[in-house]
Structure formats: structure tokens, C-alpha cells
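S.K.: Build the 3D model from these lines:
(chains A and B)
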Amino acid sequence: MDYFFTDEQKTIKDLARQIAEERVLPVRAELDEKEEFPWDIMNELGNSDMFRVFIPEEYEGLGGGCLELCLVVEELSRVCSAVAVSYAASALGCMTLMEYGTDEQKRKYLPDIASGKKLGAFAITEPTAGSDAGNIKTTAEKVEGGYLLNGTKQFITNGGEAGIYTVIALTDKTRGARGASAIIVEKDTPGFTFGKKEKKMGIRSSATRELVFKNCLVPEENLLGKPGHGFIQAMRLFDKSRPGIGAQAVGLAQGALEAAVDYAEQRVQFNQHIINFQALQHMLADMAIQTEAARALVYAAARHVDSGAKNVTEPSAMSKVFASDTAMKVAVDAVQICGGSGYMRDYPVEKMMRDAKILQIYEGTNQILRNAIAVNLRKRKARTA
Amino acid sequence: MNIIVCLKQVPGTTQVKINPETNSLIREGIENIINPFDTYALEEGVRLREKHGGKVTVVTMGPSQAEAALREAISLGADEVILLSDRPFAVADTWATARTLSAAMKKLEPYDIIICGRQTIDGDTGQVGPELAEMLEIPFVAYVSNIEEIKESYLRVRRMVEEGHEIIETTLPAVITVAKEINVPRLPSLRGIMKSKNAAITTWTINDLDVSEDMVGLAGSSTQVIKVFFPQRVSQAEMLEGNLEKQVDTLIERLRGANLC
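M.R.: Alright, predicted model coming up:
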């Protein structure tokens, strides 16, 4: 289907596909097996300017937006969702900076993200704050010379690997979520260490780790925007980043669909290729329909975000929910079509099925996002009543 | 450091079809690519520049379509590209190709090193590199798998030989052909691709080079392709009939008849 991309967008998509097929495909099973962070691939993506895609031109980027990011994520995820999320998390880690940072802050950090020299990471989740993101406990006490951070962040994507972290911490713990602020913390800052590296069901070569702050002093100029705005900054960030998870889901679904078609075309049972059976044909057709519908919604949401529209919560949440539910369903069906082989680790679809599940969970569980969509429906109804 | 890389655009397949009347490849419907061996030469050139500074100039001889290969070279890091394209250059053998390239090299003087792929995947001769060095009267090393050291007027390389490798020292300028063991070519960058789309491609015709028409192309070729054909598949297998004993007897008889036992 023609989505009317510009030449530049087509170039980005084509090159991302080339990298995925030439550099990621040969190693994806090994990366998954070893749970090894894909640094070689991250460097390759850096050399190919892929991290420049989402950074403004004045900070050594290519000036693209949400849609361009989605195109890269989708192509990477078609081959390996773990690689895709490691890439996307770097964008997530610097989006708050791009939105609320001063020119000086951007000049200091963005060029290194753009070149791929450093990865970014975003840290809000804590043991007591998942869906209830306002319930964070990590503090950033204002002291002489800056902020003193104490607390633990949990399940942080790119944790330990990223060089630049955007951390949400309480600068005023008496005010709860309204006392939260976004602060940049660089790796190797004294008092900042890494805790448990999680062993996951899927996206296993991506890094998911605890960040531990013990009297970690960061300079005052690392504060992003105004103190007390951290929670709302984080919510706005996710509004803009969720189509990226949608794109990750679309890529995964596409990869699973292709693997299922390949298998059904060569597998012979009852003296014929199993793709001849209508039971399978209808499954494959449904997978294709759902994947394409998810893709169309993700691109539309990404374009809505890039339009500068003020409220993007709804389309963004819809694209993430629909695409991730689709990815899960398509991956499960792909395993079903590949039968016993599909269940084996020698075939790619079992990994895709494991990788798919997280898409319904992170960056807002699909239940929380349905709540957000419903809130907007009720608000609209109240306004017209 | 002034680095020159020679490359050739070739059909992106080994499944070529031949036009029996003209003895030439049927190029319609076949995507052209940079000769894979030449991508290692380009990568090595770009790496040398990244390490030592300077400029990578890519030279190719071919029809106007070869411009696509040069644009790709820019996306992979080449600074400047030159297309040698003119009717008199056409249908050149390796000798006439090297002659044309050497005339271009003269024009590009002073240079430090010329890097070529070890051979093309279409002609497969591996001759243009050494011939070029001969014509330029500068040293030549083939099958280089590592550049050990390079500095002003001095080059030390490792080259692959049948059983192991040799370390060779030579003066610069020199011509080397590289083996695929030398590096892993990078993928293009987005900025490279965008730059390549609007980059100026310099084209040199015979009038730009110090050569006459009888030195280049078909006229300057010392070899000529008489015929290109697929070898006929001859199958001489014979199935022996009868029971096992009879088959063995027949086999022994045949082997004796052929003086093989």
C-alpha cells in the first residue's frame, strides 16, 4: 500500500531494511540465546546515521520526527524486536530533552545521541510505580551544587548501556507527582550504579536493568524544564513515543506473517503444500489485514504527532493498543501455522511470540491506555452535553 | 593522503544470458551493482582517509549508467568521483581498460595509493590492477589482506598467497588489489545517500585524457572476444543392466578395455 512517503522517508526505510537484513538477521537468534546487548548493531546504526533521524538538524540530526522514527523501528522490528527497542529507547531517552531542554543542554547531549556514540534511556518506573507512575519514591533533593539523587529505578530499557539518562525524581516529596522533575544523569556519575539485569521472556538481547542512586550529586543545570513538571513531561513524552511502540508491533507482525507464509508455502502434508488449505489461507489473510490496519493507524498517529497537534493522547494510545494486540495475535497464529516447527527455537516465530507480549505491557499497559482513551470519550461527551 | 579507488559496475547476478549474435551480455532486466570485490577497495580507501586524512577519489570506466555506481560510492564515503565515458572507450579488453584508467591517473597526479578489487565478478581476469601499475611504472601488490603500515612514501602490506601470507614493503605511490579478507565494507549512511543524490559527477571523455583513439576501446585492445558460449553439458554416464553379478562382470570388462585394471 502506498503511504505517500517523501523520498527521504523512503531512503530511511530502505536503509533500515538493508541494515536489518544484512546485519541483524544473521545474528538475531544468537543475540536472543545469549541475551547479549547488540552493540555491534547499535554502532552500525550509528554509522548509518539512524540515530540522527529523530534529532533536529541544529544538533547534528536529520530533523525527522515521529514518523521517521517509526519507519526505522518497524524495519528493525520486522527482523528483531529487541534490536528495535534498544534503538527506540535511545530516542525515548532524549525526547524530554528535545522538548524542554535549553539550547545549551541540547548542544551538550544531543550530538552524541545523534552520532550513536552514546545511547539514551528514560527512567520513571520503580518497584512501587508502574501503571501508577505518579507513585515514585526516588528523590532529588536540592542541595548546594545541584540535586542529590536517592532511590532505585526498575526495568529500565538500555540501563547500563546508555550514556545519558533522563530520570524522573521527586524534587519536592511533599507534593507527590506534582513534585516530580526530569533530570539528566550521565553514566559514571559518582553514586549512580546499576543493579539487577533482568532475565526476560522476550526481547532478550535488549538491556533491562535497575538504576541505583545513592547520594548521587548532579549539577543543577541538568534539570529539564521547570521543577515539579516531571510527571506531566513524562505523560506528554509517552503520548509522542507510543506510535513508536506501535511501529515495533507492526514490524514484528509483518515479520511473523512473512515467516508463516514462507513456511506454509514449503511445508507438505497430505501430498500438498499446506498453504493450499483454506483454513490456513483465511488465517494468513486475517493476519495480513490486521497488520496492514495496524500499520495505517500507526502512520496516521505518527503524522498526527508530527503535525504539532496539541492533544495526541488518543490517536497515539489507539495506535499502540491496536498494533500491539495485533502483533500478539499474529505472532501466536504464526506459531500455529508453523506447527511443531514453529514451537522450536530453530524457527524464528517462537522468538517473535515471546517478543510480542511486552508490547502490550510497556509504555502504558493496554488496559491503562484504554482507560486514557475512555477518559477522552467521556470528556468529549461532557463537553457536548 | 590522496587515495584513488578504481571500481567497475557489473551485472548483479551470475545468471547472465548471452546474446549469441553479438557475443555480449544481455543487460536488460538485470540490476547493476558495484563489483563486490571493489567494495572492499572502496572501504579500505575510506578507512585510510578516516585515519590519515586526505581524499578518496573513485574512478570508473563505463557507460553513462555507471553513474549509479559512483553515486553509491559517494554514499559509502567517496569524496570525489570520475566517470570515464566515451564511445571510443567501449568494448575494451583489460589492456585497453588499464590504458584508459592510467591516462586518468596521470591526470589525477599526485596520488599516494591506488586501490582496486582483486578481480571483477563478470570478467574475472584480475588483470586490470597489475596492468595499470605497469603502465604507470609504479610498484604493485596483489591480494592484499591487510595494510600494516602506511606513511609518506612507504607501504607495508600483508598479501595472501596460496599457503599463508607474505609481508611486502614497497615505496609509494603504488597500486594494490585487495582481497575480501581485508575488511567488512560498511553500509551506506543516510547523510551519504542524501549527499550522493545531488553530488556532481565529473565525466571525462577521450578529449580530457592524453590518449589517442587507437590506444583505447576495441581499437586499443590486444585481445578480442571471438565467441561467448555456455559449455555444452555432456553426460556420458551409462547404467549397467542385469543382476548384480552381470553388472560386476560388465564393469570389469569395461575397466579392462579402458586399461584401468
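
S.K.: what's next to the longest strand seen in chain B, contact-wise?
M.R.: Scanning chain B for the strand with the most residues, using DSSP state E, yields strand B:140-151. Contacts with strand B:140-151, where a contact means Cβ atoms under 8 Å, 6 or more residues apart in numbering or on different chains, come from B:1, B:44, B:48, B:52, B:112-113, B:118, B:126, B:129-130, B:133-134, B:155-161, B:165, B:167-168, B:170, B:172, B:174-179, B:181-182. From N, CA and C alone the C-beta is placed, and that goes for glycine too.

S.K.: what's the model's confidence in that strand, averaged?
M.R.: Average pLDDT, strand B:140-151: 96.

S.K.: For the very next helix or strand once past that strand, buried residues please.
M.R.: For strand B:140-151, the following helix or strand on the C-terminal side (DSSP states H and E) is strand B:154-161. Going by neighbour count (16 or more other Cβ atoms under 10 Å in any protein chain shown), the buried part of strand B:154-161 is B:155, B:157, B:158, B:159, B:160.

S.K.: need the residues you listed in TSV with distance to chain A and pLDDT, can you?
M.R.: Shown next, in TSV, are these (distance: Cβ to the nearest Cβ, whole Å; pLDDT from 0 to 100):
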residue	distance to chain A	pLDDT
B:155	27	97
B:157	25	97
B:158	24	97
B:159	28	95
B:160	24	94
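
S.K.: what kind of secondary structure is the residue lying closest to residue A:354 once chain neighbours are set aside in?
M.R.: Of all residues not flanking residue A:354 in the chain, residue A:202 sits nearest, at 3.5 Å (Cβ to Cβ, 6 or more residues apart in numbering or on different chains). Here residue A:202 is recorded as coil under DSSP: H, G, I helix; E, B strand; the rest coil.

S.K.: Relative to residue B:63, how far out is residue A:202?
M.R.: 50 Å (Cβ to Cβ, to the nearest Å).

S.K.: what do you get for residue A:247?
M.R.: When residue A:247 is compared with residue B:63 (using Cβ to Cβ), they lie 41 Å apart.

S.K.: If you count surrounding residues, which of the two has more?
M.R.: residue A:247 (32 against 15; other Cβ atoms under 10 Å in any protein chain shown).

S.K.: Now the more buried one: which helix or strand?
M.R.: helix A:230-266.

S.K.: cool, residue A:72 as well?
M.R.: Here residue A:72, judged by DSSP H and E, is contained in helix A:66-79.

S.K.: close to chain B, is that helix?
M.R.: No - Helix A:66-79 does not reach chain B (Cβ under 8 Å from any Cβ of the partner chain); its nearest approach is 9.8 Å.

S.K.: what's that helix packed up against?
M.R.: Here helix A:66-79 touches helix A:7-19, helix A:81-100, helix A:230-266, helix A:278-306, going by 3 or more Cβ pairs under 8 Å, 6 or more residues apart in numbering or on different chains; DSSP states H and E.

S.K.: Turn those helices into TSV, including mean pLDDT and distance to chain B.
M.R.: Below are the helices and strands packed on helix A:66-79 laid out as TSV (pLDDT from 0 to 100; distance: least, Cβ to the nearest Cβ, whole Å):
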stretch	mean pLDDT	distance to chain B
helix A:7-19	97	5
helix A:81-100	98	14
helix A:230-266	98	18
helix A:278-306	98	18
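
S.K.: quick one: which of those is nearest residue A:62?
M.R.: helix A:7-19 (7.9 Å; Cβ to Cβ).

S.K.: helices and strands around that closest one, which ones?
M.R.: Counting contacts by 3+ Cβ pairs under 8 Å, 6+ apart, helix A:7-19 packs against helix A:39-47, helix A:66-79, helix B:190-198.

S.K.: Repeat the analysis, applying 7 Å as the threshold.
M.R.: Helix A:7-19 is packed against helix A:66-79, helix B:190-198, with contacts defined by 3 or more Cβ pairs under 7 Å, 6 or more residues apart in numbering or on different chains; DSSP states H and E.

S.K.: tell me which residues of the last one are tucked away?
M.R.: By that I understand helix B:190-198. Buried-residue list, helix B:190-198, by 16+ other Cβ under 10 Å: B:190, B:192, B:193, B:194, B:196.

S.K.: contacting residues for the residue in the stretch 1-150 of chain B positioned nearest to chain A?
M.R.: The nearest approach of the stretch 1-150 of chain B to chain A comes at residue B:75, 9.2 Å away (Cβ to the nearest Cβ). Contacts for residue B:75 (Cβ atoms under 7 Å, 6 or more residues apart in numbering or on different chains) come out as B:188, B:192, B:193, B:196.

S.K.: how does it look with 10 Å?
M.R.: Going by Cβ atoms under 10 Å, 6 or more residues apart in numbering or on different chains, residue B:75 touches A:11, A:15, B:187-197, B:199.

S.K.: One more: residue A:170?
M.R.: Applying Cβ under 10 Å, 6+ apart to residue A:170 gives the contacts A:136-141, A:149-151, A:176-181, A:227-228, A:230-231.

S.K.: How about residue A:273?
M.R.: A:263, A:264, A:265, A:266, A:267, A:280.

S.K.: pLDDT value on the residue in chain B that chain A sits nearest to, please?
M.R.: Closest approach between chain B and chain A, counting by Cβ to the nearest Cβ: residue B:190, at 3.8 Å. What the model reports as pLDDT for residue B:190 is 96.

S.K.: That one contacts residue A:54, correct?
M.R.: No - judged on Cβ atoms under 10 Å, residue B:190 makes no contact with residue A:54 at a distance of 11.8 Å.

S.K.: Which strand or helix spans the closest residue to residue A:193 other than its chain neighbours?
M.R.: Distances taken as Cβ to Cβ, 6+ apart place residue A:212 nearest to residue A:193, at 4.9 Å, with adjacent residues excluded. If you go by DSSP H and E, residue A:212 is part of strand A:208-218.

S.K.: counting contacts, what elements does that strand pack onto?
M.R.: Applying 3 or more Cβ pairs under 10 Å, 6 or more residues apart in numbering or on different chains; DSSP states H and E, one finds that strand A:208-218 contacts strand A:120-123, strand A:139-143, strand A:146-157, strand A:164-170, strand A:180-186, strand A:192-197.

S.K.: Compute the inter-axis angle for the longest one and strand A:208-218.
M.R.: Meaning strand A:146-157. Using axes from the mean of the first three to the mean of the last three Cα atoms, to 10 degrees, the inter-axis angle of strand A:146-157 relative to strand A:208-218 is 170 degrees.

S.K.: What is strand A:146-157 packed up against?
M.R.: helix A:81-100, strand A:120-123, strand A:139-143, strand A:164-170, strand A:180-186, strand A:192-197, strand A:208-218.

S.K.: mind redoing it with 8 Å?
M.R.: helix A:81-100, strand A:120-123, strand A:139-143, strand A:164-170, strand A:180-186, strand A:208-218.

S.K.: Within the sheet, what are the partner strands of that strand, with directions?
M.R.: Strand pairing for strand A:146-157, determined by DSSP bridges: strand A:139-143 (antiparallel), strand A:208-218 (antiparallel).

S.K.: can you tell me the average pLDDT over the shortest one?
M.R.: What it means is strand A:139-143. Averaging pLDDT along strand A:139-143 gives 97.

S.K.: I'd like to check the angle between it and helix A:230-266, please.
M.R.: Angle of strand A:139-143 versus helix A:230-266, following the same axes, to 10 degrees, is 140 degrees.
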